[in-house]
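# Fold the stuff below for me.
(2 chains)
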2 protein chains.
Amino acid sequence: MATLSAQRKHKVTIVGSGNWGTTMAKLVAENTKANSSLFEEQVQMWVFEEEYTIPKNSRHYNGSDKPEKLSELINKVHENVKYLPNITLPSNVIANPDLAGSCKDSTMLVFVLPHQFIARTCSQLSGKILPYARAICCTKGVDVSEKGIQLMSEAIGKGLNVYCGALSGANIASEIAKELYSETTVAYDPPPMDSRHPTPSGSPSSSQVNLINPELEPGKRSAQLTPLPNEYPPLSHENIRKLFHRPYFHVHLVNDVAGVSLGGALKNIIALGAGFVDGLGWGDNAKAAVMRVGILEMVKFGKMFFGESARTSTFTEESCGVADVITSCSGGRNFRCAKMAVERGESIGAIEEKELNGQKLQGTSTAIEVNQFLKAQGKEAEFPLFTAVFNILEGKAKPQDIPELIEPKH
Amino acid sequence: MATLSAQRKHKVTIVGSGNWGTTMAKLVAENTKANSSLFEEQVQMWVFEEEYTIPKNSRHYNGSDKPEKLSELINKVHENVKYLPNITLPSNVIANPDLAGSCKDSTMLVFVLPHQFIARTCSQLSGKILPYARAICCTKGVDVSEKGIQLMSEAIGKGLNVYCGALSGANIASEIAKELYSETTVAYDPPPMDSRHPTPSGSPSSSQVNLINPELEPGKRSAQLTPLPNEYPPLSHENIRKLFHRPYFHVHLVNDVAGVSLGGALKNIIALGAGFVDGLGWGDNAKAAVMRVGILEMVKFGKMFFGESARTSTFTEESCGVADVITSCSGGRNFRCAKMAVERGESIGAIEEKELNGQKLQGTSTAIEVNQFLKAQGKEAEFPLFTAVFNILEGKAKPQDIPELIEPKH
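The predicted structure follows:
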């Protein structure tokens, strides 16, 4: 199949243009240019249109204080002056305020939207994309409720009736935008409906199995997928890698979409726990212990609710697991605010109020949602760290109790 | 066998009394007291005798400026005033300057000596201990040369003709002495010569297999071991755990002595690598990436040279692996000096000279020894991070080259 030369190229759209979305547009556009036999060079980037006035301290300030359309500004100065200032975008990134227009004829949709915009965006796009398009979700987090867990990639896949993989890792956007070295993990494992998407040997074909939310059972979903026409190059792991890998952004492909997605959500609970003990001044041993215990609870969570499709190694060996935990527990927002709360003797709510203008931390809502879910499953006791963090947030436990609460029973 | 009541109790000696040795004596003595049906309460701590004058700022200064014997001071004030000041030791820690005397009749020898004293101490002790004594090595590091790798525990086991396990983890001694929460990993897996030392079901009995140094082949060694007499309680994982586990020091038992020992040595190479990229100001993504790649090189190293006895999970899931890497890459000496070297544009040698009074970092010698070994095996290219760190130390590569040097080949 490698000898079969494809007549068509993949068209790629970045759905989103915030800090992370614009960073993804930059690196993807560098790659479409470098791999122009596989991809159309032009990369569309959907921009939620707004008016923006270039500030006086911008290198693009031209004396005019008139607001301009953000998409037009981006295309004029090749910089997202509002959300990723001072980073020059390749000229083949095309900002487009028309959602459906930006995705028209695209075979690869890279979703980089804030969590809360995903459902609405999918419903606006539904029926307006190629039936055989594929997607990759770069938004971290999962939807957890008492009823079940829905991965962002599942929400997109269901909303658009396409296959959707996931990208996650120790990825602070501003560092990647400056081309400082980092790594990421991409999970991509479409069902074997398309014979040209072979699963690499040795890896179990996993198409995530959600044991809790049977509505999301993959057999049902994949049956409706439209195969990618033969005139396109296959969206193999090798070619997906070519879309994301850069000398400063090392990509590792796996099949475990559930693991990659869970890592990006559950790490925020761990970061709160690490912040709590660090706030007590307990030092580096204690912080590392909380991180280690947290990684193992991630592993257990994946296995318990997603079965064998969530692989231990995704959490313990990939960037989306151990490395993202490390980065989040170094200087991440959840870690810092939890630490501050303990140091000042204030509640997390008070810290959110003062330090984040009342914006909520991702970790606090994830900890609460995950606890509701575990409680409904009768599994709280099997996740002592996640449960301890929840109880500390609720004022029912103290950070000092963590060692006793997470001590293995013998 | 649990119903068989033992007539004799285990006597425990701590061989060493530095910062870490005294900390171990403290926690072990707390445990012998708490488990006095298994262990004799008194814990001997061998002290390398020296004269010491209590400084004026000590809480034990009594107006006399006359030097006293350190062992006598420790027994008088229940504090190792020189090596672990301001920490009160339980009164059942007995400092003893007589090496053979301190180990007489002991069934459990806990070695906590600096690397360079182990061989000499074992030769002094040889023939003077109970033939059925067992040992645990708490000294980190391994002896690596072109010829092969010898674990500290192997050196002790061979030197004394006893079985020796290993204890290692994210364990900064001063934090543990203050009873701040931490975890550790104990590897204990004597050959099945003694039917009362069952290997927990599910774990492969591993008695480490050193593929490189056939002299250390375990069959040969274990054949000469003397079984523990029946009148002692078995040295099962459960009972070993009772000797080390504290509410502030959580112990996890494994069988993988090789993995536990390698973790404590190889992490120092990783800490240098992490320090190099952090010194460049590359941020948290890059540092986490180097740590992750390093953990995977540890896994590979264990598998390649110790076979299946070195388990992946020891490195990726235990305190002696991932957690020790995290702690060492947070504020450890190797990390800090490597970072400083890059920030100041100086060699590591110059930093060792200025910051450590010429004392050598453990990481630099380990990196050099491991490289000699890998070169002799023709395996340098399979450990790109370890090799990159060595080449940077040698001035043959720059920290900036790390991403390219460790990029997986596709």
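# Which residue ranges of the stretch 201-350 of chain A form helices?
A:218-222, A:237-244, A:257-279, A:283-306, A:312-317, A:324-331, A:333-344, A:348-355 (DSSP state H, counting those that start in this stretch).
# most packed of the ones you listed?
Across the helices of the stretch 201-350 of chain A, averaging neighbours per residue (mean count of other C-beta atoms under 10 Å in any protein chain shown) puts helix A:257-279 on top, at a mean of 30. For the C-beta atoms, the positions are set from N, CA and C on the backbone; glycine is no exception.
# tell me the mean pLDDT over that one?
The pLDDT scores in helix A:257-279 average 97.
# that older thread, can you redo the helices of the stretch 201-350 of chain A as a markdown table with distance to chain B?
Formatted as a markdown table, the helices of the stretch 201-350 of chain A follow (distance: least, C-beta to the nearest C-beta, whole Å):
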| stretch | distance to chain B |
| --- | --- |
| helix A:218-222 | 28 |
| helix A:237-244 | 7 |
| helix A:257-279 | 7 |
| helix A:283-306 | 3 |
| helix A:312-317 | 4 |
| helix A:324-331 | 4 |
| helix A:333-344 | 11 |
| helix A:348-355 | 19 |
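# weakest of the ones you listed in terms of mean pLDDT?
Minimum mean pLDDT among the helices of the stretch 201-350 of chain A: helix A:218-222, a mean of 45.
# Tabulate the helices of the stretch 201-350 of chain A in a markdown table, adding columns for distance to residue B:409.
Shown next, in a markdown table, are the helices of the stretch 201-350 of chain A (distance: least, C-beta to C-beta, whole Å):
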| stretch | distance to residue B:409 |
| --- | --- |
| helix A:218-222 | 33 |
| helix A:237-244 | 12 |
| helix A:257-279 | 23 |
| helix A:283-306 | 28 |
| helix A:312-317 | 18 |
| helix A:324-331 | 24 |
| helix A:333-344 | 35 |
| helix A:348-355 | 44 |
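# what's the nearest residue to residue A:186 once chain neighbours are set aside sitting at in phi/psi?
Nearest non-adjacent residue to residue A:186, counting by C-beta to C-beta, 6 or more residues apart in numbering or on different chains: residue A:167, 4.8 Å away. Backbone geometry at residue A:167, expressed as degrees, to the nearest 10, gives phi -130, psi 130.
# Then the one 4 residues further on?
According to degrees, to the nearest 10, the main-chain angles of residue A:171 amount to phi -130, psi 80.
# So it sits against residue A:186, correct?
No: under the criterion of C-beta atoms under 8 Å, residue A:171 makes no contact with residue A:186, lying 11.4 Å away.
# Local confidence estimate at the residue nearest to residue A:186?
pLDDT, residue A:167: 98.
# One more: residue A:196?
On pLDDT, residue A:196 comes in at 49.
# Residue A:227 touches residue A:133, doesn't it?
No: between residue A:227 and residue A:133 no contact is recorded; they are 11.8 Å apart, counting by C-beta under 8 Å.
# Secondary structure element holding residue A:185?
strand A:182-187 (DSSP states H and E).
# From the contact counts, what lies against that strand?
strand A:163-168, helix A:237-244, strand A:249-254, helix A:257-279, helix B:283-306 (3 or more C-beta pairs under 8 Å, 6 or more residues apart in numbering or on different chains; DSSP states H and E).
# Report the contact partners of residue A:188.
A:136, A:165, A:235, A:237, A:240, A:253, A:255, A:257 (C-beta atoms under 8 Å, 6 or more residues apart in numbering or on different chains).
# my read: residue A:355 touches residue A:334, true?
No: at 11.7 Å, residue A:355 does not count as touching residue A:334 under the criterion of C-beta under 8 Å.
# how about the residues of the stretch 51-200 of chain A near chain B?
Contacts of the stretch 51-200 of chain A with chain B, taken as C-beta under 8 Å from any C-beta of the partner chain, map to A:169-172, A:175-176, A:180-183.
# Distance-wise, check residue A:68 relative to residue A:50.
Plainly put, residue A:68 is 10 Å away from residue A:50 if you go by C-beta to C-beta, to the nearest Å.
# Tell me which helix or strand in chain A has the weakest average pLDDT.
Using mean pLDDT, DSSP states H and E, helix A:218-222 stands out as the lowest-scoring helix or strand of chain A, at a mean of 45.
# Give the buried residues for stretch A:49-59.
By neighbour count on 16 or more other C-beta atoms under 10 Å in any protein chain shown, the buried set for stretch A:49-59 is A:49, A:52, A:54.
# Stretch A:123-139 now?
So stretch A:123-139, judged by 16+ other C-beta under 10 Å, has buried residues A:125, A:129-130, A:132-139.
# just stretch A:87-106 next, same as before
Here stretch A:87-106 shows A:87, A:89-90, A:92-97, A:99, A:102-103, A:106 as buried, counting by 16+ other C-beta under 10 Å.
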